[in-house]
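[1] I'd like to go over a predicted model; first the sequence, then the structure.
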Amino acid sequence: MVVAAPQTRAAEFREVLTRRIFVADGAMGTVLYAKGAFINRCYDELNLSLPALVRDVHQEYIKAGAEILETNTFGANRKRLAAFGFADKVRVINKAAVRIAREAARDQAFVAGCVGPLGVRLEPLGPTSLEEARAVFREQIDALVEAGIDLLVFETFQSLPEVREAIHAARESAGDDIVVVAQVSIEDDGTLMGGASTEDFTRALDELPVDVIGLNCSSGPRVMLETLEKMVSYTKKPLSAMPNAGLPATIEGRHIYLCSPEYMATYARRFLQAGARIVGGCCGTTAYHIKEIRNEVRSVQPEQVHRPDIAQPEARPKSVVKTPVAEKSRLGAKLAAGEFVSFVEILPPRGINASNEIDGAKLAKAAGIDCINVPDGPRASARLSAQATCQLIQEQAGIEAVLHFCCRDRNILGIQSELLGAHAVGIRNLICITGDPPRMGVYPDATAVFDVDSIGLTNIANNLNHGLDLAGNPIGSQTALLIGVGANPGALNQEEELQRFEWKVKAGAEYVVTQPVFDLELLERFLKSTKSYGIPVIAGIWPLTSFRNAEFMVNELRVPVPESYMERMRQADSGEAACAEGVAIAREMVQQVRHLVAGVQLSAPFGRYQMAVDVAEAIGSRD
C-alpha cells in the first residue's frame, strides 16, 4: 500500500487557490491605533511588549471570516526598527509575531509573514545598495520562515527594484516551497510612484518567481479596480486586491477612513469579477469591513472569471546606445585619445558681472588650458549659477567649460530638467557631486534637498544619455553629457571611498577628478586601487597661498599635506614669497603626476588666475 506524502501548507494553499477565493484580513496599524497604541510607537515591537493587544486584532479578523492572517511585521526589518532603537531585535520581533498570529489562527486561517519596504532610498536615489537591501530583507524573511509561516506577503511596494530584491531574498531563504504574494501600491493614475505604467509593472511582476501578484493600499477601491482590470491583460497569475478604505480625513485630531464596510464589500465583488483570487483590506479597514467582504465573497463563489489572452507588448523604444565619449566634446575626444588634459577651476562671481571670470578663462585659453571647471555653489555660497557661468565662458572666452552639478539644491525633477537644459545650451562636460551642506556657508538655516547623492546624480545623467528619464521612460531624444565624478585619495575611510568610487563607475562615470593632491604616495595608492575600473583620473592640484592656507587644507578640508611642504610654506617670509612657494610646490606635483594620470585640474585660489597659468607651464610638451 502506498501512503501519500503529507501535503505541505504551501501545496495546500496553492491547491485551494485554484478552487476558490481567499479572504485576507484588514489593517493592523489602524486597529492598534484605535485600541490606544500611540502613533509614535513602534507597532512591530508591540509583539514583545503588548502581545495580547496584537492577538486581539488577529482574533477579531478570524471571527470576521478572514482566511489569511498577516503577521504584525510590516516594518520589522533592520532599517525601520533602527529608527526606534530596535535594530538588534529583528529576529525576536518577527518570531513573536508569527507565534501570536498562529495562536489566533489555530487551524482556521493561513499565517502570512508580512514584509513591507525598507523605508530607505535605494540606489540610484539613495545610499543603500540593492545587495544591502536584499540582505536586510533576507534577515527578516529568515526569521519569519524559521518561525513557521505558511506564505509571504510583500505589500505596499512602490519600487520595482526593491520588491525584486525582496522576492529574491525570499527564494534564497525558503526556496520554491514558500508561497509568495507580491503587491505594489499605485498612484491615482494607476502607475507606480517612479512612473512605471500598469502594463510595465504587471509584466515585471509576472516575470518574477511569485505565486500571486496584486495591489494594496493606494487611495481606495475605485482606482484599484480600474488598474486591476488592466492588469489581467498582462498576466496569467492569480491577482490580489487589498485597498485602503479610501483616503483618511482628519476629524478632531484623528485620522478617519470614510469608506463603509458595505461600500468595500461592493468593490470586493467587482474585484472578483475582474479576476482577483485574494481580497482583503489595508489602511482603514477593520473586522467590520472584512466581515462584509467575507459575506459578499460567499455569495458569488465560485464563479469562473473570463480572462483575456495576454496582450503582446508593443515594440516601444527603450534605452538607446550612448554617444561615444570621443564624440561628446573636445574634452571627451582628448580623453578617448589618451591625450593629457588640463583644467583651470574658476568660481562663479558673487554678483551678475562675470567679466573677471571671463578674462581669467581667456588667460587660461591663451596658456593652452583645455577646459574651465566651474564649481556649483562651492562652500554653500550664493553665486551666479554655475550653468550660466559656463555658458558665458564658452560664448565669450571661446574655451570649453566643465559644469559642476550638485544635489543640494534640486529635487530629482529639477535635476533632470536642468541637465536637459545644460545639454540644450551646449554644455557637454559634467562633474557630478553631492554638494556641501548649507551649514558650511553663510546661510546655515537654508534648507537642502539631497533627493540623491552623487551616485544617484550619475545614474540620472547616464539615463538621459540613454534617452531615458530616471524611471526608465523614453524621453524622445538623448543627451550626450560627458560624466565626471569626484574622488578623494586622502579620505580618512578609504574603504568607503573606494566602494563609492566603484558605485559611481557602475552608475556611468566616464572620468574622475580628485580632490587637491599633495601626497604622491596617497595618489599612487589610489590609482593602484582604481586601475581596474579603466576610467581616466584627473589629479587636482592646488597652489598654496600661505601657511594659513596650508593649515586650512589639512584641518578643515582634511587634505593631507606632507610636513616638508608645510615647512616650506611656514618659512615664506612674505605674501609674495608664500605664493611663489605655493606655485613651486604645485609645479613639482604636476611634474610628479604627469605620467601617472590623464590630466590635472589646477585651482586659481582667490581668483588668482595667473597662479594657475604659472603652474600649467610645468605640464611641458603635450602628447
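    Received it, and whenever you're ready, just let me know what you need.
[2] which stretches of the chain have low pLDDT?
    Scanning the chain for pLDDT under 70 picks out 1-6, 124, 246-259, 301-317, 379-380, 439-443, 621-623.
[3] Quick one: residues in contact with stretch 230-238.
    Contacts to stretch 230-238, defined as Cβ atoms under 8 Å, 6 or more residues apart in numbering, come from residues 17, 190, 198-199, 202-203, 205-206, 210-213, 215, 239, 274-278, 307-308, 310-311. C-beta here means a position set from N, CA and C on the backbone, and glycine is covered the same way.
[4] so how far is that stretch from its chain's centroid?
    Here the centre of stretch 230-238 is set off from its chain's centre by 28 Å, with Cα atoms, centre = their mean, to the nearest Å.
[5] Just the buried residues of that stretch, please?
    Neighbour-count burial for stretch 230-238 flags 231-232, 234-235, 237-238 (criterion: 16 or more other Cβ atoms under 10 Å).
[6] What of stretch 388-407?
    389-394, 397, 399-407.
[7] likewise stretch 332-350?
    The neighbour-count criterion (16+ other Cβ under 10 Å) identifies 332, 334-336, 340-349 as the buried residues of stretch 332-350.
[8] With stretch 116-130 instead?
    So stretch 116-130, judged by 16+ other Cβ under 10 Å, has buried residues 116-118, 120-126, 128-129.
[9] From the chain's centroid, how far away is that stretch?
    That offset, for stretch 116-130, works out to 5 Å (Cα atoms, centre = their mean).
[10] could we number from 760 for the rest of this?
    With the count now opening at 760, the last piece we talked about shows up as stretch 875-889.
[11] Using CSV, write out every CA atom in that stretch.
    C-alpha atoms of stretch 875-889 as CSV (Å, rounded to 0.1, in the frame of the first residue of the first chain):
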residue,chain,number,x,y,z
GLY,A,875,7.0,45.9,3.8
PRO,A,876,9.5,48.2,2.1
LEU,A,877,12.7,49.1,4.0
GLY,A,878,11.8,52.8,4.4
VAL,A,879,15.1,54.0,2.9
ARG,A,880,16.0,55.0,-0.6
LEU,A,881,17.9,52.5,-2.7
GLU,A,882,20.4,53.3,-5.4
PRO,A,883,20.3,55.3,-7.5
LEU,A,884,18.2,57.6,-5.4
GLY,A,885,19.9,56.8,-2.1
PRO,A,886,23.0,55.2,-0.5
THR,A,887,21.5,51.8,0.2
SER,A,888,22.7,49.3,-2.5
LEU,A,889,20.5,46.6,-3.9
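[12] what does it contact?
    By Cβ under 8 Å, 6+ apart, stretch 875-889 touches 833-834, 836, 838-839, 842, 892, 895-896, 913-918, 920-921, 924, 1171, 1210-1212, 1214-1215, 1217-1219, 1229, 1262, 1266.
[13] Would you mind listing the buried residues in the helix or strand where Glu914 lies?
    Here Glu914 sits within strand 910-916, counting by DSSP states H and E. Residues of strand 910-916 classed as buried: 910-916 (neighbour count, 16+ other Cβ under 10 Å).
[14] just stretch 1253-1265 next, same as before
    Buried residues in stretch 1253-1265 (16+ other Cβ under 10 Å): 1256-1257, 1259-1265.
[15] now do stretch 1240-1254
    For stretch 1240-1254, using 16+ other Cβ under 10 Å, the buried residues are 1240-1250.
[16] In terms of secondary structure, what does the host helix or strand of Leu1281 contact?
    Assigned by DSSP H and E, Leu1281 falls within helix 1279-1289. Applying 3 or more Cβ pairs under 8 Å, 6 or more residues apart in numbering; DSSP states H and E, we find helix 1279-1289 packed against helix 1253-1266, strand 1270-1275, strand 1296-1300, helix 1334-1352.
[17] So which of these is nearest Thr789?
    Smallest distance to Thr789 across those (Cβ to Cβ): 38.9 Å, for helix 1253-1266.
[18] Off-centre distance for the closest one?
    15 Å.
[19] So which residues of the stretch 810-959 of the chain form helices?
    Taking DSSP state H, counting those that start in this stretch to define them, one finds helices in the stretch 810-959 of the chain at 810-823, 837-841, 849-864, 889-906, 919-933, 957-965.
[20] closest to Pro1134 out of these?
    helix 889-906 (31.3 Å).
[21] hmm, back to that, if you look at the buried residues of stretch 989-997, which of them are in helices?
    Per DSSP state H, helices hold the following members of the buried residues of stretch 989-997: Met990.
[22] Can you list the strands that the strand holding Glu914 pairs with?
    Strand 910-916 pairs in its sheet with strand 869-874 (parallel), strand 938-943 (parallel), by DSSP bridges.
[23] what's the most distant pair in the buried residues of stretch 875-889?
    Gly875 and Pro883, at 21.6 Å, using Cβ to Cβ across the buried residues of stretch 875-889.
[24] So what touches the helix holding Leu1281?
    By Cβ under 8 Å, 6+ apart, the residues outside helix 1279-1289 that reach it are 1246, 1248-1249, 1253, 1257, 1260, 1271, 1273, 1276, 1296, 1298, 1319, 1348, 1351-1352, 1355-1356.
[25] List the buried residues for that helix?
    1279, 1281-1282, 1285-1286, 1288-1289.
[26] ok, back up a step: any chance of the helices of the stretch 810-959 of the chain in TSV, with distance to Ala783 too?
    Listed next are those as TSV, based on distance: least, Cβ to Cβ, whole Å:
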stretch	distance to Ala783
helix 810-823	9
helix 837-841	22
helix 849-864	12
helix 889-906	17
helix 919-933	18
helix 957-965	18
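[27] quick one: which of these is nearest Ser1236?
    Using Cβ to Cβ, these put helix 957-965 closest to Ser1236, at 20.6 Å.
[28] Can you give the distance of the helix or strand just after the closest one from its chain's centre?
    Using DSSP H and E, the helix or strand that follows helix 957-965 in sequence is strand 971-976. Centre-to-centre, strand 971-976 and its host chain are 23 Å apart (Cα atoms, centre = their mean).
[29] re the thing from before, looking at the helices of the stretch 810-959 of the chain, which is nearest to Glu1021?
    Closest to Glu1021 of these is helix 810-823 (Cβ to Cβ; 14.2 Å).
[30] who wins for proximity to Ala1126 among the helices of the stretch 810-959 of the chain?
    Nearest of the helices of the stretch 810-959 of the chain (Cβ to Cβ): helix 889-906, 45.9 Å.
[31] chain center to the closest one, what's the gap?
    On Cα atoms, centre = their mean, the centre of helix 889-906 falls 19 Å from the chain's centre.
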